[in-house]
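**Student:** no sequence for this one, just the structure:
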């Protein structure tokens, strides 16, 4: 079974969730308890001694003062990249004597992204897709359509059939298709292939509704809070060798940075000076033609969004080709966070919005390396997209 390490629970300023979980458990903040799973059994933590790069040490221990605990949480996360040692003092359940464990002696449990004790970790998005797919067939075959997602399945069948003016006759699970949607850039264009937004519906589909007429309705299934419109590799556009030189020279890389109003020199410094510098956020004026081209293809059109909620509710709306221009518009400020929100991460975040979505675009490495490998566009949808909330 995998164990924790210092990097996972301290020095990940670009992903502070595990660090926050760790220190909140130690301080027993919010709904976290102070117990950890270890190879020798349940370990009840009392406090942690943190050793920093300059060999200074600090004890993080629970206080009766809630504000003091919250301050300690913020401080621990902020100083995370400088941690080089963690010694947790506590005792094993049922024993009297205190023990000091290193973080590597603690098991990586589910709350840190590990596997649950019961076995394989459940992917809730895949579970949602399987349950909805089965329920749609129950409804189509005239079975008593009850239980989780029954109303959603029935509504989806009827609305998609109404849209195509043809009844649904079968469904196809296309989620395993994994059709690539690469980013394409040149000196005067930046888009997600294909360049026509309407052609993305079939590529984004997890379930195809096949109608009597032979036409299809495409369902793109999402689940939970973190939703992504695009996830494309940028290693051939934002080239590591060029970033190391401090200058992006290829036209495609320049166009991508121009689309997002990212300063070239600061962009390179974020990665070249990682761990040594902190960068401020900046208000930006992107090239709106390029940015809207990227957004319109990244979002795509001609498909139904089916967004499952942990509550069991399903949000359902059509990504209408006629509204793609509105959906990909940008209103208000565009903010570039060099080094992420913390200012010292190995990433660039760009935030902007319109009447339909709050967007957060990030450029970072997804393989635990330093230099960027991917560009991702996360979003939160708003009611103006025309959601039907099916309970």
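**Tutor:** Sure, I can see it. Keep in mind that what you see is a predicted model, and the values were worked out from it rather than measured.
**Student:** so how far is whichever helix in the chain runs longest off the chain centroid?
**Tutor:** Using DSSP state H to define each element, the chain has its longest helix at helix 124-140. Offset of helix 124-140 from its chain centre (C-alpha atoms, centre = their mean, to the nearest Å): 23 Å.
**Student:** which element follows that helix toward the C-terminus?
**Tutor:** Using DSSP states H and E, the helix or strand that follows helix 124-140 in sequence is helix 150-164.
**Student:** name the strands paired with the helix or strand just after that next one and say parallel or antiparallel.
**Tutor:** Under the assignment DSSP H and E, the closest C-terminal helix or strand after helix 150-164 is strand 168-173. Here strand 168-173 has these sheet partners by DSSP bridges: strand 207-211 (antiparallel).
**Student:** for whichever helix or strand comes after the strand it pairs with, name the packing helices and strands.
**Tutor:** Using DSSP H and E, the helix or strand that follows strand 207-211 in sequence is strand 216-223. Where contact means 3 or more C-beta pairs under 8 Å, 6 or more residues apart in numbering; DSSP states H and E, strand 216-223 is packed against helix 124-140, helix 150-164, helix 201-204, strand 207-211, strand 303-308. (Each C-beta comes from the backbone N, C-alpha and C, glycine too.)
**Student:** mean neighbour count, these: which tops it?
**Tutor:** Highest mean neighbour count of those: strand 303-308, a mean of 22 (counted as mean count of other C-beta atoms under 10 Å).
**Student:** how far does that strand sit from the chain's center?
**Tutor:** In terms of C-alpha atoms, centre = their mean, the centre of strand 303-308 is set 17 Å apart from its chain centre.
**Student:** got the contact list for that strand?
**Tutor:** Applying C-beta atoms under 8 Å, 6 or more residues apart in numbering, the contact partners of strand 303-308 are 125, 128, 132, 149, 152, 156, 159-160, 200-202, 204-207, 217-224, 227, 314-319, 381, 385.
**Student:** could you dump the helices and strands packed on strand 216-223 to CSV with distance to residue 96 and mean pLDDT?
**Tutor:** Listed next are these as CSV, based on distance: least, C-beta to C-beta, whole Å; pLDDT from 0 to 100:
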stretch, distance to residue 96, mean pLDDT
helix 124-140, 41, 89
helix 150-164, 54, 94
helix 201-204, 59, 95
strand 207-211, 57, 96
strand 303-308, 48, 96
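**Student:** export those to TSV and append columns for distance to residue 49.
**Tutor:** Shown next, in TSV, are those (distance: least, C-beta to C-beta, whole Å):
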stretch	distance to residue 49
helix 124-140	37
helix 150-164	51
helix 201-204	49
strand 207-211	52
strand 303-308	43
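**Student:** who wins for proximity to residue 361 among these?
**Tutor:** Nearest to residue 361, of all these, is helix 201-204, at 17.8 Å by C-beta to C-beta.
**Student:** show me what that closest one is packed against.
**Tutor:** Applying 3+ C-beta pairs under 8 Å, 6+ apart, we find helix 201-204 packed against strand 216-223, strand 303-308.
**Student:** same question for stretch 84-97, mean pLDDT?
**Tutor:** What stretch 84-97 shows for mean pLDDT is 92.
**Student:** and for stretch 326-343?
**Tutor:** For stretch 326-343, mean pLDDT rounds to 95.
**Student:** can you tell me the element residue 252 falls in?
**Tutor:** Secondary structure assignment for residue 252, by DSSP H and E: helix 251-260.
**Student:** ok, and the closest non-adjacent residue to the spatially most central residue of the chain?
**Tutor:** Centroid-nearest residue in the chain: residue 226, 4.8 Å away (criterion: C-alpha atoms, centre = their mean). Computed as C-beta to C-beta, 6 or more residues apart in numbering, the closest residue to residue 226 that is not its neighbour in sequence is residue 378, at 6.2 Å.
**Student:** what helix or strand does that neighbour sit in?
**Tutor:** Counting by DSSP H and E, residue 378 is found in strand 374-381.
**Student:** and for residue 335?
**Tutor:** Of the helices and strands defined by DSSP H and E, residue 335 is found in strand 331-338.
**Student:** show me where pLDDT drops low in the protein?
**Tutor:** The chain contains residues with pLDDT under 70 at 12-16, 31, 115-122, 176-178.
**Student:** mind listing the helices for it?
**Tutor:** Secondary structure of the chain (DSSP H): helices at 6-9, 17-27, 66-78, 124-140, 150-164, 201-204, 240-245, 251-260, 264-272, 288-299, 324-327.
**Student:** give me the helices and strands touching the fifth one, please.
**Tutor:** Contact partners of helix 150-164 among helices and strands, from 3+ C-beta pairs under 8 Å, 6+ apart: helix 124-140, strand 168-173, strand 207-211, strand 216-223, strand 303-308, strand 314-319, strand 388-390.
**Student:** between that helix and helix 124-140, how many degrees?
**Tutor:** For helix 150-164 against helix 124-140, the angle by axes from the mean of the first three to the mean of the last three C-alpha atoms, to 10 degrees is 70 degrees.
**Student:** and the contacts of helix 150-164?
**Tutor:** Here helix 150-164 makes contact (C-beta under 8 Å, 6+ apart) with 132, 135-136, 138-140, 145, 167-168, 209, 211, 213, 215, 217, 219, 304, 306, 314, 316, 318, 388, 390-391.
**Student:** just give me how far it sits from the chain centre.
**Tutor:** That offset, for helix 150-164, works out to 29 Å (C-alpha atoms, centre = their mean).
**Student:** and if you look at the second one?
**Tutor:** Between the centre of helix 17-27 and the centre of its host chain there is 20 Å, according to C-alpha atoms, centre = their mean.
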